[in-house]
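A.B. asks: Next comes the sequence, and after it the predicted model I'd like to discuss.
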Number of protein chains: 2
Amino acid sequence: MTDGLEIRPVRGIGDVVAGDDLADLITAAAPWLADGDVLVVTSKIVSKAEGRLVEVPADGPERDAARAAALESETARVVARRGPTTIVQTHHGFVMAAAGIDASNVDKTHLVLLPADPDASARRLRADLRARGLDVGVIISDTMGRAWRNGLTDVALGAAGIEPVRDHRGETDPYGNELEITQMAVIDELAGAGELVKGKVDAVPVAVVRGYPRSGIRDSDGAAVLLRDAASDMFSLGTTEAVATGLRTAAQLPDGPRAALPGLPVDPAAVDRALTAIADAVSHSTVIAPAEAITGSGATAALHLSTRDASPAGFMRLGSDAHRLRVALVAEGIVTLSLPHEDGIRLDLSGA
Amino acid sequence: MTDGLEIRPVRGIGDVVAGDDLADLITAAAPWLADGDVLVVTSKIVSKAEGRLVEVPADGPERDAARAAALESETARVVARRGPTTIVQTHHGFVMAAAGIDASNVDKTHLVLLPADPDASARRLRADLRARGLDVGVIISDTMGRAWRNGLTDVALGAAGIEPVRDHRGETDPYGNELEITQMAVIDELAGAGELVKGKVDAVPVAVVRGYPRSGIRDSDGAAVLLRDAASDMFSLGTTEAVATGLRTAAQLPDGPRAALPGLPVDPAAVDRALTAIADAVSHSTVIAPAEAITGSGATAALHLSTRDASPAGFMRLGSDAHRLRVALVAEGIVTLSLPHEDGIRLDLSGA
C-alpha cells in the first residue's frame, strides 16, 4: 500500500476552447507534474477542447426545444423520469441525468456534451504528456447522482495509464477469511478525491494525485470496465417505469403463449401463491379449482375455472378472473394457455 | 478552496475488541494528528469496539441459518434479490447488500454488524478526541455497491465535525450561469479518498485527510442527511421486484375501485395509448368503442365493449379483454369501474 497521497489543484488553466492542446495547458499551469502522478481532469475541458458543443438559443422555448433535441441524440434509452428530471443511459453506457449535458461553465449559447469516447480522450492526453517526457495516469471525471443517496459525487468517465479496479479476489485477511468484497472502483474514488480540491466555479478543472501506486498498467484498461450493462443491472429501470412494464405485460398478455408451452414442471406452491394473491379480487360467482386439483405435471398441468352464474355477465366476470389468475401466475414464473369452452375456462400451465 | 490535501494511512492500530477506546488507539498510532484533520474510520473497528458482533457457527447449514437470521433482523425492507445477492434497506436507511453484515476481518465464529448509530459513533469519537485537545472531523466509512456501475466504493455511514454536503446553490460560474449541480456529497468523496490509502487486509483501518477546509460546522450535521427515503427515490426497488409489483397490481385489480371514482378529467390521448397497447392481444370477436367515442368527461366518461360472438366463450374472451384494457388504463393513470351487463361491458373512467 501507499505511504499516503497528496492531492493538488491545478490553477490558472483558464478558458478552454475547441482545438486547445490540453497537454500544453496543463504542463504550463503545473510545471511541477512528475512521473507517477495521476491527473484528474474535469470532462468539461476535454469536451470543450474537442469541440463537443452544440449551439442553442440563449433562452425561450427554442432553447428548451434545442436542449430536448440534444438530450434525445445523446440518449440510448430512458431509465427513469420524474418531473423535470430525465435519467438516461447514454450511447457510451453511462446512466446520468440529462445524459450529462451541461449548461454551466459555458456561455449561454452553447451546451457541453460529454466527450465522445472518454477512454480514448484519456489515452490521447496520456500519450501527449508522454511525448513531453511525463509518464502519468489520466482520469476524466464528471459529476453524477446516485440511487439511494442524496448528493452527487465525481466519478471516472475515462481513464488511461491506471488500473480502474483494485481486485482483492483471492486475498485473505489476518483471520484466514477469503475476502468477500473484491473489486474496488479506485478510479471513481480518485475522481471523487480530485473533486475535493477542484471548484465548480473556481476554474480549477484539474487535480493531481501524487503517491498513488500505478501498478500493473495495461493499455487496455479504461473506465468502460465500470459500465454495468442493463441486462446485468438489478436497477436498470426506475421503479415507476418498471411497475409500468409489469402493468403493460399484464395488459398485453395474449390468450395463448406466442410459442408452444415449454412443458416445464409447475411448482404447486407457486400456484397456491398466485391463487392467494387474487383471492380478494375474484368475483363471488367464479369457481377456481384449488391448486391440489392441478391435473398432471409439466405441459399437461391444468387449472379449471367455472361460474355459478351462467349469464353473459357471469361469463364476462369469469373471463376477467381468468386473466387475473394468468397474470398472477406470470408473476410466479408460470406461463399459461387459456382455453375457453362452453362450461368454463381451462388454463394449461407450464414452468418458464 | 483548498491548496491541496494530504491523505495518510494510520498504521499499527492492531486488532480492536469490544470495549476498546478508539480515541486512545488512534492517538497512540498517529501522534501526529492535528487540529483540522479529518479522520476516515472504517466502520468495522467502530462496530468491534462497540461490540456489534453476533456469534455464529463456523460453518455448515447452521452458519447459513444464523447469517440469514442476522440479515433479517438488520433489514427494514428488501430492495432487490438476485441469486445469492440480497440488497436491503437497513433500519438506519442504508441500501446495502446483506445489510452491510460482514464476515471478513473477524474470526470465523462472529459476524460484524454495522454500528447501531454511525452518526452518534462519529460524534462520540470526535468528543473523545476533543477531550484530548484535538479538534478533528470524523467520518465512519464502509464499502458499498452502486446501481449502474461495477465495482465498489467507500462512502460515509456517519460523520461529525464536518459538513456532509458542499452546497453550490446560488453560486454563479464565470459566465453568469447559476449552477445546476448543487449539492456535492463531500463526505462520501472523503470516505473514498481515505479508502485509497487503507487496505482491506493490511490492518489500516483509519486514514487522515489533512488540508480539507472544515467550514460552517454544525453539531447537527451527520451522514444521515445523505439517506434518500424510499418515497423520494426513483430507484427504491429492484427492476424485477418493481415489474412484479406491476403484475400484482394488475392481477389484484378489483372489478370496481375500492372507493367512489374520483371523477377527474380523462385525457383522450391516454385512452388512445391504452387501446393501442392492447390491440394485438385482444380477441378478434371483441369490439371496443374507439377513444373518440368516450361519452362525457370526468366520472361520466365511459368506454363500451361488446362481442361479435354471443356464446359463453365469446363473453369470457370479452371479460379477459376488458381486464386487459383496465390494466392498460391503470398504466396511463386512469381508474375504471367495470359494469358487465347483458350486451357487453361498460367501463366508467376517471383520472386518478
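C.D. replies: Looks like it came in fine.

A.B. asks: Any buried residues in the strand or helix carrying residue A:127, and which?
C.D. replies: Residue A:127 is part of helix A:118-130, with elements assigned from DSSP states H and E. Neighbour-count burial for helix A:118-130, with 16 or more other C-beta atoms under 10 Å in any protein chain shown as criterion, is recorded at A:118-119, A:121-126, A:128-129. To be clear about C-beta, it is placed using only N, CA and C from the backbone, and glycine gets the same treatment.

A.B. asks: Of all the residues in the stretch 251-352 of chain A, which one is nearest chain B?
C.D. replies: The nearest approach of the stretch 251-352 of chain A to chain B comes at residue A:319, 2.4 Å away (C-beta to the nearest C-beta).

A.B. asks: what's near enough to touch that residue?
C.D. replies: By C-beta atoms under 8 Å, 6 or more residues apart in numbering or on different chains, residue A:319 lies in contact with A:340, A:345, B:315-323.

A.B. asks: what does the model give it for pLDDT?
C.D. replies: Looking at residue A:319, its pLDDT stands at 96.

A.B. asks: quick one: residue A:7 is in a strand?
C.D. replies: Yes - Residue A:7: assigned to a strand according to DSSP: H, G, I helix; E, B strand; the rest coil.

A.B. asks: Could you give the bridge partners of it?
C.D. replies: residue A:209, residue B:5 (DSSP bridges).

A.B. asks: Neighbours of it, how many?
C.D. replies: 29 (other C-beta atoms under 10 Å in any protein chain shown).

A.B. asks: re the thing from before, could you find the closest non-adjacent residue to the residue of the stretch 251-352 of chain A closest to chain B?
C.D. replies: Nearest residue to residue A:319 in three dimensions, chain neighbours excluded: residue B:319, at 2.4 Å (C-beta to C-beta, 6 or more residues apart in numbering or on different chains).

A.B. asks: Quick one: work out the angle between the strand or helix carrying that neighbour and helix A:312-331.
C.D. replies: Taking DSSP H and E as the criterion, residue B:319 maps to helix B:312-331. Counting by axes from the mean of the first three to the mean of the last three C-alpha atoms, to 10 degrees, helix B:312-331 lies at 60 degrees to helix A:312-331.

A.B. asks: Going toward the C-terminus from helix B:312-331, what's the next helix or strand?
C.D. replies: strand B:334-341.

A.B. asks: Let's see that following strand as PDB, backbone CA atoms only.
C.D. replies: This file holds the C-alpha atoms of strand B:334-341, laid out as PDB (Å, rounded to 0.1, in the frame of the first residue of the first chain):
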ATOM      1  CA  ILE B 334     -56.800   6.100 -15.400                       C
ATOM      2  CA  VAL B 335     -59.000   4.200 -13.000                       C
ATOM      3  CA  THR B 336     -62.100   2.300 -14.100                       C
ATOM      4  CA  LEU B 337     -65.300   0.700 -12.800                       C
ATOM      5  CA  SER B 338     -66.300  -2.400 -14.700                       C
ATOM      6  CA  LEU B 339     -70.100  -2.800 -15.300                       C
ATOM      7  CA  PRO B 340     -70.900  -6.100 -17.100                       C
ATOM      8  CA  HIS B 341     -74.500  -6.300 -18.500                       C
END
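
A.B. asks: quick one: secondary structure of the residue of the stretch 151-300 of chain A at minimum distance from chain B?
C.D. replies: Relative to chain B, the nearest point of the stretch 151-300 of chain A is residue A:246 (2.1 Å; C-beta to the nearest C-beta). Here residue A:246 is recorded as helix under three-state DSSP.

A.B. asks: nearest spatial neighbour of it, skipping sequence neighbours?
C.D. replies: residue B:246 (2.1 Å).

A.B. asks: picking up where we left off before, nearest to residue B:58 among the buried residues of helix A:118-130?
C.D. replies: Nearest to residue B:58 among the buried residues of helix A:118-130: residue A:119, at 44.6 Å, using C-beta to C-beta.

A.B. asks: before we move on, the earlier item: as CSV, the buried residues of helix A:118-130 with pLDDT and distance to chain B would be great.
C.D. replies: Listed next are those as CSV, based on pLDDT from 0 to 100; distance: C-beta to the nearest C-beta, whole Å:
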residue, pLDDT, distance to chain B
A:118, 98, 14
A:119, 97, 15
A:121, 98, 19
A:122, 97, 17
A:123, 96, 20
A:124, 97, 23
A:125, 98, 21
A:126, 96, 20
A:128, 98, 24
A:129, 97, 20
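
A.B. asks: So in that sheet, which strands flank the helix or strand bottoming out on mean pLDDT in chain A, and in what orientation?
C.D. replies: Of all the helices and strands that make up chain A, strand A:166-167 has the lowest average by mean pLDDT, DSSP states H and E, namely a mean of 86. Note on strand A:166-167: by DSSP bridges, its sheet partners are strand A:183-184 (antiparallel).
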